[in-house]
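Visitor: Using only what follows, build the 3D model:
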Amino acid sequence: MRFAVIDIECTGGTFGSERIIDVAIFVLENGEVVDQLVSLVNPEKGIDPYVTKLTGITNKMVRTAPKFYELAKRVVKITEDCTFVAHNISFDYRVFQQEFESMGFDYHRATLDTIPYCERIFPDWENYGLKTVSKELGLVNSARHRAEGDARLTLELLKILLEKDRDAYLSKVHVSKEASVRRNPFKLQVKNMQNKVGIYYIYNEEGEAIYVGSSKDLQNSINRHFVADNKIALALQREAATLEVEELGNEAVAEVLVRSTLDKHRPVYNVTKKKHFLNFGIFLDAKKGAEIDHVRIFPVRYKTPDFYFEGPKTIYPWLQKMMMSEGLDPDTFLLDRDREHYNKHTKNLQWKAKNKRVGISTIRSYMLPQEGVLVGPGRKSTEQCAIIVENFRVLGYTYFYLATDSANVAQLKKRMVHLESDAYTVGIMYHFLQKGYLKVLD
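Guide: Modelled structure (predicted):
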């Protein structure tokens with residue numbers, strides 16, 4: 001879906017007589033700005049002194065600016081096939097229609113007001129003005145009460161709202177299949193997605209998700225569905241009608257989200273026997289609320305483990321480190337079969353055992369910090385992905401710009417997209433921490 005995020009400043013005056021003096025339009029598609037228009041506008045009338053004081057725009061500044069009719073063709077073109085987005089849309093959209101009506105042109109677009117959208121996602125705020133948005137979410141407005149500054153802030157707000165409104169992704173179908181495209185209808189759509197990290201959804205004509213995948217190279221993964229010629233691939237190719245791509249920029253977040261999506265929706269062409277990313281687990285033996293007597297290690301099949309790992313090469317060294325630090329005796333903490341595998345996969349280290357048991361919160365502390373922020377790659381080189389951890393649980397993720405945003409945890413929590421904080425999510429974060437892909441923010 002394409003969004004035209006718009007803000008204007010006007011001359012002031014009575015209702016219906018306002019004229020545009022400053023306009024900014026940013027076209028958002030698949031999370032990226034693909035087109036923009038920023039310009040002062042000659043209103044062909046005087047600007048109210050109050051407006052000049054508020055915006056800094058003077059009559060002299062707009063005297064040589066293009067008149068609206070000179071920009072009109074560009075405005076129509078840039079907003080074509082877009083949803084018209086503004087913060088308090090009733091004003092901006094009305095004035096736009098007013099300007100076009102004066103030229104005898106009927107201007108209509110689908111519209112989206114970010115104020116009620118914001119109310120839906122952040123129901124507890126006192127008000128929803130752009131100043132409050134900036135304060136609550138830690139967004140920077142480089143030029144308040146100027147069209148470009150306010151439009152850029154609305155653009156960043158829209159990105160956050162779309163990210164947090166995750167349920168919308170499986171109900172939207174944006175890209176129509178052209179009859180002229182043969183085997184791969186999405187070749188053009190993914191041409192610029194090489195080495196992009198994210199999730200993709202393939203839908204049938206009824207708008208049902210028939211395949212959901214995550215990838216470190218979206219272009220390659222999506223194209224591979226249309227070069228394969230096995231029975232399942234051919235069936236998917238026949239049904240594939242539309243594609244939705246969600247660029248996330250972060251492998252850890254993509255893996256968590258695709259797993260929860262698959263568990264929830266079970267698309268027909270996702271092979272059910274395909275393994276998840278983490279396939280080994282630690283199962284704790286203890287009465288509810290009591291300390292752990294011993295642990296068992298198994299491949300993950302039907303039961304959910306207490307802790308997930310990629311495989312024996314990571315699980316047994318982790319166990320050794322934890323037991324050594326806590327003074328646990330491998331001969332009593334591990335069962336016979338597990339001790340054999342433990343000795344096979346670890347160095348022969350000795351330490352004095354001082355504890356017989358340990359609590360589950362202590363074990364969790366060797367997976368994630370109790371509180372904090374994990375940071376890793378974002379969707380572009382100028383931003384990072386922030387993953388918020390609280391009480392050893394993963395709360396959610398968001399993004400912040402390295403140059404302008406502060407890593408304020410309270411603000412990041414307001415902006416974050418919630419993640420299902422289960423054992424698998426914790427295991428994924430531990431895995432990427434160990435790889436050095438994620439780091440704990442100081």
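
Visitor: List the backbone torsions phi and psi for Ser381.
Guide: The phi and psi values for Ser381, taken as degrees, to the nearest 10, are phi -70, psi -20.

Visitor: how about the helices in the stretch 51-200 of the chain?
Guide: Taking DSSP state H, counting those that start in this stretch as the criterion, the stretch 51-200 of the chain carries its helices at 59-62, 68-78, 89-101, 114-121, 130-137, 147-164.

Visitor: what pLDDT does the residue nearest to Ile232 when sequence neighbours are not counted get?
Guide: Nearest non-adjacent residue to Ile232, counting by C-beta to C-beta, 6 or more residues apart in numbering: Tyr269, 6.0 Å away. (C-beta placed from N, C-alpha, C; glycine too.) pLDDT recorded at Tyr269 is 92.

Visitor: and if you look at the one 5 residues further on?
Guide: Each residue has a pLDDT score; the one for Lys274 is 51.

Visitor: Equivalent analysis for the one 5 residues further on, please.
Guide: According to the model's per-residue confidence, Asn279 sits at a pLDDT of 88.

Visitor: Just give the closest residue to it, not the sequence neighbours.
Guide: Of all residues not flanking Asn279 in the chain, Val300 sits nearest, at 5.3 Å (C-beta to C-beta, 6+ apart).

Visitor: before we move on, the earlier item: highest average neighbour count across the helices of the stretch 51-200 of the chain?
Guide: Burial of the helices of the stretch 51-200 of the chain is given as mean neighbour count (mean count of other C-beta atoms under 10 Å); helix 147-164 ranks first at a mean of 22.

Visitor: Determine the set of other helices and strands touching that one.
Guide: Applying 3 or more C-beta pairs under 8 Å, 6 or more residues apart in numbering; DSSP states H and E, one finds that helix 147-164 contacts strand 2-10, strand 20-29, strand 32-40, strand 83-86, helix 114-121, helix 130-137, strand 417-418.

Visitor: Any chance of these in TSV with mean pLDDT and distance to Arg144 as columns?
Guide: TSV is the format used below for those (pLDDT from 0 to 100; distance: least, C-beta to C-beta, whole Å):
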stretch	mean pLDDT	distance to Arg144
strand 2-10	95	11
strand 20-29	96	12
strand 32-40	95	15
strand 83-86	92	16
helix 114-121	90	16
helix 130-137	91	8
strand 417-418	93	27
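
Visitor: Could I get these in JSON lines, plus columns for distance to Ala65?
Guide: Below are the helices and strands packed on helix 147-164 laid out as JSON lines (distance: least, C-beta to C-beta, whole Å):
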{"stretch": "strand 2-10", "distance to Ala65": "12"}
{"stretch": "strand 20-29", "distance to Ala65": "8"}
{"stretch": "strand 32-40", "distance to Ala65": "4"}
{"stretch": "strand 83-86", "distance to Ala65": "21"}
{"stretch": "helix 114-121", "distance to Ala65": "27"}
{"stretch": "helix 130-137", "distance to Ala65": "24"}
{"stretch": "strand 417-418", "distance to Ala65": "40"}
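
Visitor: Specify the stretch among those that is closest to Leu54.
Guide: strand 2-10 (8.4 Å; C-beta to C-beta).

Visitor: if we can go back for a sec, got TSV for the helices of the stretch 51-200 of the chain, with distance to His225 too?
Guide: Output for those, formatted as TSV (distance: least, C-beta to C-beta, whole Å):
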stretch	distance to His225
helix 59-62	53
helix 68-78	33
helix 89-101	39
helix 114-121	33
helix 130-137	37
helix 147-164	25
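
Visitor: nearest to Phe432, of the ones you listed?
Guide: Nearest to Phe432, of all the helices of the stretch 51-200 of the chain, is helix 147-164, at 19.6 Å by C-beta to C-beta.

Visitor: Not counting its own residues, what contacts that closest one?
Guide: Helix 147-164 has contacts (C-beta atoms under 8 Å, 6 or more residues apart in numbering) with 3, 5-9, 22-26, 28, 31, 33, 38, 85-87, 114, 117-118, 121, 130, 133-134, 137, 139-144, 168, 398, 415-418.

Visitor: what sits against Leu433?
Guide: So Leu433 contacts Leu368, Leu374, Lys439, Val440 (C-beta under 8 Å, 6+ apart).

Visitor: could you redo the last one with a cut-off of 7 Å?
Guide: By C-beta atoms under 7 Å, 6 or more residues apart in numbering, the residues touching Leu433 are Leu374.

Visitor: Which secondary structure element is home to it?
Guide: helix 423-435 (DSSP states H and E).

Visitor: immediately after that helix, which helix or strand?
Guide: Next in sequence after helix 423-435, counting helices and strands by DSSP H and E, comes strand 439-440.

Visitor: gap between that next one and the chain center?
Guide: 19 Å (C-alpha atoms, centre = their mean, to the nearest Å).

Visitor: Please report how far Ile47 lies from Gly149.
Guide: 18 Å (C-beta to C-beta, to the nearest Å).

Visitor: before we move on, the earlier item: residues touching the residue nearest to Asn279, list them.
Guide: Asn279, Phe280, Gly281, Tyr308.

Visitor: Write the PyMOL selection for whichever of the residues you listed are buried.
Guide: Here is the PyMOL command that picks out the buried ones among those, judged by 16 or more other C-beta atoms under 10 Å:
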select buried, resi 280+281+308
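
Visitor: hang on, Leu319 in a helix?
Guide: Yes. Looking at Leu319 with DSSP: H, G, I helix; E, B strand; the rest coil, it is inside a helix.

Visitor: nearest spatial neighbour of it, skipping sequence neighbours?
Guide: Using C-beta to C-beta, 6+ apart, the closest residue to Leu319 is Tyr342 (6.6 Å).

Visitor: got the CA positions of the one helix or strand the one you found maps to in CSV?
Guide: In this structure, Tyr342 sits in helix 336-345 according to DSSP H and E. Taking C-alpha atoms only, helix 336-345 is exported to CSV below (Å, rounded to 0.1, in the frame of the first residue of the first chain):
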residue,chain,number,x,y,z
ASP,A,336,22.9,-40.6,33.0
ARG,A,337,22.2,-40.3,29.3
ASP,A,338,22.7,-36.5,29.4
ARG,A,339,26.0,-36.8,31.2
GLU,A,340,27.3,-38.9,28.4
HIS,A,341,26.4,-36.3,25.8
TYR,A,342,27.7,-33.5,28.1
ASN,A,343,31.1,-35.1,28.4
LYS,A,344,31.2,-35.6,24.6
HIS,A,345,30.5,-31.9,23.8
